[in-house]
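> Pasting a predicted model and its sequence here:
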There are 2 protein chains.
Amino acid sequence: MNAQFKKGILELCVLALLKEKDRYGYDLVNEISKSIEISEGTIYPLLRRLKNVGYVKTYLQESQEGAPRKYYKLTLKGQEITDELKQDWLEFVKKVNSLLGGESINE
Amino acid sequence: MNAQFKKGILELCVLALLKEKDRYGYDLVNEISKSIEISEGTIYPLLRRLKNVGYVKTYLQESQEGAPRKYYKLTLKGQEITDELKQDWLEFVKKVNSLLGGESINE
DNA sequence: ATTTGGTATCTTGCAATGCATAGTATTTTG
DNA sequence: CAAAATACTATGCATTGCAAGATACCAAAT
């Protein structure tokens, strides 16, 4: 799979998953990995960045299965950004597909 | 519009347009610009790369309107790659959208 | 004749972002 | 102890798009 497609989209994926419910980093890696290859070395710096710009906040919670989990929760600003980004993405896909489509789908 | 979304997709756009018919660089810029912002400084290095890896070949043709045009034509390998890339892209979009969806539309 | 402007190509170096790799560290369970 | 779950950091690399500028050709305006 073309690695470049992922550029810029991981942030949106993380935000969208967090909009569903609060999640911890390890969980995000596993969830996203079902669809897109991704590693921890990618997620944690991204999460840190999202926190720095105020899109998410965090809280700790004990776990029965290992180290305590750090949950990430969308802020209000984060929710707004998520919606905008998602809209941008959908528009972008539409534009690209219209370029790709051309006219002849008959192959 | 998130500039990162473009990563990796411009190559596919160029290839897809070339599959339709032979085009010269300036024409590609104009055509793609209708949908996605793009500049010449992006296209020409990309076209050179595509030629280096054997996806396209070129031929010159005079123009009444200015400098001679360098037309780009897909090679057989280029055609195959185009189809693969397009498939990859469509799959990628599907996966991302399923991650974004959340509230299962119909499944 | 010179300038301007549109058409057309190409080069260079920079910025942004994700990736791979390789660590460190903690807690719980077996 | 070892393994699995979980969090975090660091470094250097690869890819790719972009801005900016150089070059060249042609036609119309000055």
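Looks like it arrived, so ask away.
> Tell me where chain A has helices.
A:9-20, A:25-33, A:40-52, A:76-101 (DSSP state H).
> and these as a markdown table, adding mean pLDDT?
A markdown table is the format used below for these (pLDDT from 0 to 100):
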| stretch | mean pLDDT |
| --- | --- |
| helix A:9-20 | 92 |
| helix A:25-33 | 91 |
| helix A:40-52 | 89 |
| helix A:76-101 | 91 |
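> who's in contact with residue A:69?
By CB atoms under 8 Å, 6 or more residues apart in numbering or on different chains, the residues touching residue A:69 are A:24, A:26, A:27, A:60, A:61, A:62, A:63. C-betas here are computed from N, CA, C, even on glycine.
> could you pick out which of those residues are near DNA strand C?
A:62, A:63 (CB under 7 Å from any atom of the strand).
> Filter the contacts of residue A:69 down to the ones in strands?
A:24, A:60, A:61 (DSSP state E).
> Neighbour-wise, give me the winner out of these.
residue A:24 (19 neighbours; other CB atoms under 10 Å in any protein chain shown).
> is it true that that residue touches residue A:70?
Yes: if you go by CB atoms under 8 Å, residue A:24 and residue A:70 touch, sitting 5.6 Å apart.
> Tell me the residues that contact both of the two, please.
Contacts common to residue A:24 and residue A:70, judged by CB under 8 Å, 6+ apart, are residue A:61.
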